[in-house]
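Student: Test case, fold it:
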Amino acid sequence: MSVVIIGGGLMGLSAAFHLRRTDSSVPVTVFERAGVGAAASGASAAGVRAMGRDPAERALALESLRRWPELDRELEGETRYRRDGGLRVAVDDVAWRAAPAWVGEQRAEGVPLELISDRSLQSLAPGLTPACLGGVHCAIDGQAEAMPTVLAFAAAARRLGARVEEGVAVSGLLIEHGRVVGVARADGTRVACDVAIMTAGAWSATQLAAHGVRLPLETRALQMLLTAPAPKVLTQVLGCFDRKLSLKQLGDGSYLIGGGWPALITDETDNRWTILDDSVRSSREVAGAIYPATAGVPLARGWAGLEAFTPDGLPIIGSVPGLEGVFVAAGFSGHGFALSPAVGDILARLALGLDARETLWRGLRLDRLAREAVTT
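Tutor: Now for the predicted structure:
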């Protein structure tokens, strides 16, 4: 038995690591057309959260968060993970009145959320705007750093014997009698395999379309901004109800500002994008309104990651109908980073025919999107 993984982002590298750790006799090869983490994984805001997850991915998130505190030890690497908590604040009466029900629904499924009054907010996040009416705190939320995490998974997979080949594009799957028998590299080389795992992010749909499977994915470019270093004050991952904001302060004091602001895709095939002035301005305005200390800090740089979005904003995980031996993990819709430990384990179990712990991801299978996913 042998496994080929198409896509060297976090999900593919995590799958390779878990495959080799589970069964070191199985040859595993990862083909990455650029460099590991060159697309969405390396551009991620790297939040590690359970708060605010859709019910369909909540169990998966909780399982992943259970793994994160020990992940550096498992990988023998450095993800720069910190579990200092997450705080989502409310500045509107409507949002604050809805917060108790929002908290109660998640707490019922094991997410440890706590309502925080305006008087207590400053102790969690000194410097918050006085306009905040209150917030919701999740003690198990935290953050890592994107490229260090990607590189830690890549190094761990290689150390366990996986081949991670960068600069190698795959032109398509080789299917015989409805079953995968290999992949074709862009240079014409055919590589035999018994299992193919598709973790090519926004490019997964193109690979499967040739075989009559349509993944209902839409590619969007999401902007990230990094400021110059500032005095270290903020430990929480900060968000805001009804505002597009994800704010973290990194170890060197720089602020990482996201929240889903768009960039412009200039060439989807080659992963090219342009930062939009309107998005930069709006993102900084929201960050400055909620956390004023960010307003006067110079911007160091901005970038974008091309993310694959599904119609319901939830990932697709599992087997591909009509293509035996092919599995997919794609469409993480801008919030997949934290899920990588559990998703990699699930993909490895699927590939090896083991118990894939389907209770964690039953609602994320491709068949839930039957109207959008077509097999011919």
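Student: Report the secondary structure state of K248.
Tutor: Secondary structure for K248, judged by DSSP: H, G, I helix; E, B strand; the rest coil, is strand.
Student: my bad, should have said A196
Tutor: Assigned with three-state DSSP, A196 falls in the strand class.
Student: ok, and what's touching stretch 283-290?
Tutor: Identification of contacts with stretch 283-290 by C-beta atoms under 8 Å, 6 or more residues apart in numbering yields 89, 91, 128-129, 131-132, 223, 225, 238, 240, 243-245, 247, 255, 257-259, 261, 294-295, 299. Every residue, glycine included, has its C-beta placed from N, CA and C.
Student: next one: the lowest-mean-pLDDT helix or strand in the chain to chain centre, how far?
Tutor: Least confident element among the helices and strands of the chain, by mean pLDDT, DSSP states H and E: helix 118-124 (a mean of 89). Here the centre of mass of C-alpha atoms in helix 118-124, compared against the chain's by C-alpha atoms, centre = their mean, to the nearest Å, lies 30 Å away.
Student: Listing request: residues of the stretch 1-150 of the chain with sub-threshold pLDDT.
Tutor: The model of the stretch 1-150 of the chain has no residue with pLDDT under 70.
Student: Strands of that one, start to end?
Tutor: Remark: strands assigned in the stretch 1-150 of the chain by DSSP state E, counting those that start in this stretch are 3-6, 28-32, 47-48, 86-90, 113-117, 134-138, 142-143.
Student: Mind putting those strands into JSON lines with mean neighbour count and distance to D312?
Tutor: Formatted as JSON lines, the strands of the stretch 1-150 of the chain follow (neighbours: other C-beta atoms under 10 Å; distance: least, C-beta to C-beta, whole Å):
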{"stretch": "strand 3-6", "mean neighbour count": "28", "distance to D312": "24"}
{"stretch": "strand 28-32", "mean neighbour count": "25", "distance to D312": "28"}
{"stretch": "strand 47-48", "mean neighbour count": "24", "distance to D312": "20"}
{"stretch": "strand 86-90", "mean neighbour count": "26", "distance to D312": "21"}
{"stretch": "strand 113-117", "mean neighbour count": "16", "distance to D312": "23"}
{"stretch": "strand 134-138", "mean neighbour count": "23", "distance to D312": "23"}
{"stretch": "strand 142-143", "mean neighbour count": "26", "distance to D312": "26"}
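Student: These into CSV, with extra columns for distance to I346?
Tutor: Shown next, in CSV, are the strands of the stretch 1-150 of the chain (distance: least, C-beta to C-beta, whole Å):
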stretch, distance to I346
strand 3-6, 13
strand 28-32, 15
strand 47-48, 18
strand 86-90, 24
strand 113-117, 25
strand 134-138, 23
strand 142-143, 22
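Student: give me the number of residues near E285?
Tutor: 11 (other C-beta atoms under 10 Å).
Student: Just the local confidence number for it, please.
Tutor: Model confidence at E285, given as pLDDT, is 98.
Student: Toward the C-terminus from whichever helix or strand it is part of, list the very next helix or strand.
Tutor: Secondary structure from DSSP states H and E places E285 in helix 277-290. Sequence order places strand 299-309 as the next helix or strand after helix 277-290, per DSSP H and E.
Student: Who does that following strand pair with, and is each partner parallel or antiparallel?
Tutor: On the basis of DSSP bridges, the sheet neighbours of strand 299-309 come out as strand 218-229 (antiparallel).
Student: Run the chain-centre distance for the helix or strand following the partner strand.
Tutor: Heading C-terminal from strand 218-229, the first helix or strand you meet, by DSSP H and E, is strand 237-240. Remark: strand 237-240 is offset 17 Å from the chain centroid, using C-alpha atoms, centre = their mean.
Student: Stretch 152-160 too?
Tutor: 19 Å.
Student: and what of stretch 331-338?
Tutor: The answer for stretch 331-338 is 3 Å, by C-alpha atoms, centre = their mean.
Student: Numbering from 58 from now on, please.
Tutor: Noted, 58 is the first residue going forward, which turns the last one into stretch 388-395.
Student: can you list contacts of it?
Tutor: 67-68, 97-98, 101-106, 110, 118, 121-122, 125, 201, 203, 206, 258, 261, 272-274, 277, 279, 317, 364-367, 370-373, 396, 400.
Student: Do me a favour and average the pLDDT over that stretch.
Tutor: Rounded mean pLDDT across stretch 388-395 is 97.
Student: Determine how far the last residue of that stretch lies from the first.
Tutor: Stretch 388-395 has an end-to-end distance of 14 Å (C-alpha to C-alpha, to the nearest Å).
Student: Could you do stretch 240-256 as well?
Tutor: End-to-end span of stretch 240-256 (C-alpha to C-alpha): 14 Å.
Student: In that stretch, which residues are buried?
Tutor: In terms of neighbour count (16 or more other C-beta atoms under 10 Å), stretch 240-256 has its buried residues at V240, R242, V248, C250, D251, V252, A253, I254, M255, T256.
Student: What of stretch 304-312?
Tutor: Buried, per 16+ other C-beta under 10 Å, within stretch 304-312: L304, K305, Q306, L307, S311, Y312.
Student: Report the separation between the residue nearest to V238 when sequence neighbours are not counted and S376.
Tutor: Of all residues not flanking V238 in the chain, L231 sits nearest, at 5.2 Å (C-beta to C-beta, 6 or more residues apart in numbering). For L231, the distance to S376 equals 18 Å [C-beta to C-beta, to the nearest Å].
Student: before we move on, the earlier item: can you flag the buried ones in the contacts of stretch 340-347?
Tutor: Buried, going by 16+ other C-beta under 10 Å: 146, 148, 185, 189, 280, 282, 295, 297, 300-302, 304, 312, 314-316, 318, 351, out of these.
Student: For stretch 206-225, list the C-alpha coordinates in CSV.
Tutor: Provided in CSV are the C-alpha atoms of stretch 206-225 (Å, rounded to 0.1, in the frame of the first residue of the first chain):
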residue,chain,number,x,y,z
THR,A,206,3.5,25.5,12.4
VAL,A,207,3.7,24.5,8.7
LEU,A,208,7.4,24.0,8.9
ALA,A,209,7.1,22.0,12.1
PHE,A,210,4.6,19.6,10.5
ALA,A,211,6.8,19.3,7.4
ALA,A,212,9.9,18.5,9.4
ALA,A,213,8.1,16.0,11.6
ALA,A,214,6.6,14.2,8.5
ARG,A,215,10.0,14.0,6.9
ARG,A,216,11.7,12.8,10.1
LEU,A,217,9.2,9.9,10.2
GLY,A,218,10.0,9.0,6.6
ALA,A,219,7.4,10.8,4.5
ARG,A,220,8.7,12.3,1.2
VAL,A,221,7.7,15.9,0.9
GLU,A,222,8.5,17.1,-2.6
GLU,A,223,8.3,20.8,-3.2
GLY,A,224,8.1,22.5,-6.6
VAL,A,225,6.2,19.4,-8.0
